[in-house]
Every structure is written in C-alpha cells, then in structure tokens.
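>>> When you get a sec, could you give me coordinates for this:
(one chain, ligands or ions: 1)
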Amino acid sequence: MRSAQQIATVAVIGLGTIGTGWVAQFAAAGLTVRAFDPDAEQRAALEATVRDMLVRNGHPEAAEHLCLSLHDTLEAAVEGVDFAQENVPERQAIKADVLGRLDRALPGDVIIATSTSGLMLSDFQDALAAPKRLVVGHPFHPVQLMPLVEVVPGRRTAAETVTIAEAFYTRIGKVAVRLEKEAPGHLVNRLQAALWREAVACVEDGIASVAQVDAAVVNCLGPRWSVVGPHMAFHLGGGKGGLRHFIDQLGPGIQTRWEGFRTPDLTAMTDPLVRGVEDEAAGRDIDTLQQERDRKLAALLAHRTREG
Ligand SMILES: NC(=O)c1ccc[n+]([C@@H]2O[C@H](COP(=O)([O-])OP(=O)(O)OC[C@H]3O[C@@H](n4cnc5c(N)ncnc54)[C@H](O)[C@@H]3O)[C@@H](O)[C@H]2O)c1
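As a prediction, the model looks like this:
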C-alpha cells in the first residue's frame, strides 16, 4: 500500500455537492486532482466553482496554482493516481458499478474511498478483485469547511487501509474519526437522526415551532457541542463528582424520557416542517442561506483553531 505521505495525485469521481467540496479540500492541500463526472455541465462548472471556494475560504494561493484536470471517462481520470475518492449518487447499483470500474482500473495498492452516507461497504466488497483497499471516507457538507471525516472499514478492508486513509485525511487538514465497524449511517448520521427524531416529535406535539427548535439548538447544544462532546458535557455537568454524580442525580429522569420517546411520522410531518423552515428563512433563498451558513461556520472554525 502507498503511504499517506506518498499520495500526491487524487482522483475525484462524481462532481456534485460532495465531489466538488473534496476537489477544493484536496486542492487547498496542494494535491493534483484528476476529476470525472458524466455530466458535461458539472465538469464545465467545476474549475470556476473550486477557485471561488478556495478564495472565499482563505486559500488564494491554491486557487492560483490549481492543479486540476477534467476527464471524459472514469478510466482516464484515474490514470496514475495515488488515491481515489468516489462521490456518485447514493444508489446501490450506481455505486456498485463505479466501485467495480475503479477496482478494475486501479492497481491494488491504491486506496479507493467512498463518500457514501449510509450504504454498507461490505455489500460491495465481494465483487471486487482487491476489496481490502476499499474504505469509507465520509465527509460532511460543506466538505471544505467541516473538519470531520468518518473512516469506516468493511468486513474485508485491511487494517492498513484504514490506518493510511486516516493518516492521509489528517495530513490534508481533516479530523479523521475511525469507527471500529460499519453500521448504517456510520456514527454522525445516527446521532443526527436521533436528535432530529425528537426535534420533529416536539414540533408534532406542539411543544415548539420549527424555528424555536432551531434557535434552541443553535444557542445551546450547538455552541456547547462545538467544544465538548455530549459525554464530556455531562461529565462537567456533574461538577466535582463528574459523570457518575450526574447520572446518580439526573440519570433516572433521562432514562424515563428515553422510554417515553416515540418515532414521528416523517411523511405526515413533511408539509408542516417545510412551512416551518420557510417561515424561519423569512424570504432568504437557498443560496443566501448557504452563504450565511458558510460565512459563520468559517468564522467559528477559524476562532476555534486560534483558541486551540
Ligand atoms: N449531500 C450531502 O450532504 C452528503 C454528505 C456526505 C456524503 N454524501 C454522499 O456523497 C455522495 C454524493 O452525494 P452528493 O450529495 O454530492 O450527490 P449529487 O447528486 O450532488 O452528485 C452526484 C454526482 O455524481 C455524478 N454521477 C452520476 N453517475 C455517475 C457515474 N457513473 N460516475 C461518476 N459520476 C456520476 C452526477 O452527475 C452528480 O454530479 C453520496 O454517496 C452521498 O451519500 C452526501
């Protein structure tokens, strides 16, 4: 296997929301990127979008020295690369086809990472000639700003693949969290689904509006969890007695609440939730909201980096 330090050229396959973000992230780290998407419009838009992202995110020198090539086929894009990041639509058949093509086109010592949000890696591995180099490298939107990438092995992934992928993502500025085994939704999307289930239930039960739920998270859980995780937050919530004291005192209430949680009907809740976010957006379109989010996120993360 090539070491993390030897990776200089990366293939990015699929240039939608996530693939474009990966191109910006790899380019910001000074890597050469070879890209492919069957959609000619996506290919045509990529370079300008990536330059713009790099400038807006404080990497004007990377925009100036951008080493990016676009290719008409997947096979041409992966020629000579040291690492491949796959970002095609979250459909089992499309992923299986693309991962199979990558496996046939790339030497066995080149890692293939997939950005899949929820598919199980092991389901793809038996069809590959070199399954041990396939790993999940799951980023978060917007990729070039969100630090985390989840690195997840499938049943047939080599431990060395996980170690190298973790070291490579760390080298390019990501925070890599390695999971011990695969699970639907990996880790973060499971946590996110658990919180959103209760958020939707609170709206459905009339406890709070969509905007009120969002304000509660943005002004309490968001800031808290951006510096300590939920376990450490409760360890500190227990004062000098730490988490043990916290559980002694508040655990029974939390256990009762857990037992009372129910699963809302998301289909029935779609219209009220959409009306709720439209009220909250107050006329701002998606582009405006995205720009606001990215500006605030970049400022928050820059501050966090300065604080250490
Ligand atoms: N959107 C998110 O928030 C998010 C976050 C993390 C991970 N992901 C994962 O990233 C992957 C991509 O998601 P997205 O949101 O960028 O999707 P998207 O629809 O924005 O982009 C998918 C791209 O893949 C291209 N494509 C289709 N068939 C292809 C093929 N055979 N070969 C190469 N490219 C092909 C499409 O033209 C499109 O440009 C999915 O697996 C998704 O689960 C998404």
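>>> For the rest of this, base every contact and every neighbour count on C-alpha atoms.
Will do.
>>> quick one: the helices in the stretch 51-200 of the chain?
Ranges of helices within the stretch 51-200 of the chain are 60-64, 74-77, 92-105, 122-125, 159-171, 188-204, based on DSSP state H, counting those that start in this stretch.
>>> What is the burial count for residue 194?
Residue 194 has 12 neighbouring residues, counting by other C-alpha atoms under 10 Å.
>>> ok so, going back, can I get the helices of the stretch 51-200 of the chain in TSV with mean pLDDT and distance to residue 224?
As requested, these are arranged in TSV below (pLDDT from 0 to 100; distance: least, C-alpha to C-alpha, whole Å):
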stretch	mean pLDDT	distance to residue 224
helix 60-64	96	32
helix 74-77	98	42
helix 92-105	98	37
helix 122-125	96	35
helix 159-171	98	24
helix 188-204	97	15
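>>> could I get those as a markdown table with distance to residue 178?
Shown next, in a markdown table, are these (distance: least, C-alpha to C-alpha, whole Å):
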| stretch | distance to residue 178 |
| --- | --- |
| helix 60-64 | 28 |
| helix 74-77 | 28 |
| helix 92-105 | 21 |
| helix 122-125 | 16 |
| helix 159-171 | 7 |
| helix 188-204 | 12 |
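>>> closest one to residue 286 among the ones you listed?
helix 188-204 (20.6 Å; C-alpha to C-alpha).
>>> Enumerate the residues of the chain near the ligand.
Along the chain, the residues adjacent to the ligand under the rule C-alpha under 6 Å from any ligand atom are 13-19, 37-39, 42, 87-90, 94, 98, 115-117, 138-141.
>>> Name the nearest residue to residue 64, sequence neighbours excluded.
Ranked by C-alpha to C-alpha, 6 or more residues apart in numbering and with sequence neighbours excluded, the top spatial neighbour of residue 64 is residue 51, at 7.9 Å.
>>> Now do the longest helix anywhere in the chain: which elements does it pack against?
Using DSSP state H, we find that the single longest helix of the chain is helix 286-307. Using 3 or more C-alpha pairs under 8 Å, 6 or more residues apart in numbering; DSSP states H and E as the contact test, no helix or strand touches helix 286-307.
>>> Check which residues of it are buried.
294, 298 (16 or more other C-alpha atoms under 10 Å).
>>> any idea of the pLDDT on the residue of the stretch 201-308 of the chain found nearest the ligand?
Taking C-alpha to the nearest ligand atom, the ligand has its nearest neighbour within the stretch 201-308 of the chain at residue 290, 12.5 Å off. What the model reports as pLDDT for residue 290 is 92.
>>> how close does it get to residue 106?
36 Å (C-alpha to C-alpha, to the nearest Å).
>>> any weak-confidence spans in the chain?
Along the chain, segments meeting pLDDT under 70 are nowhere present.
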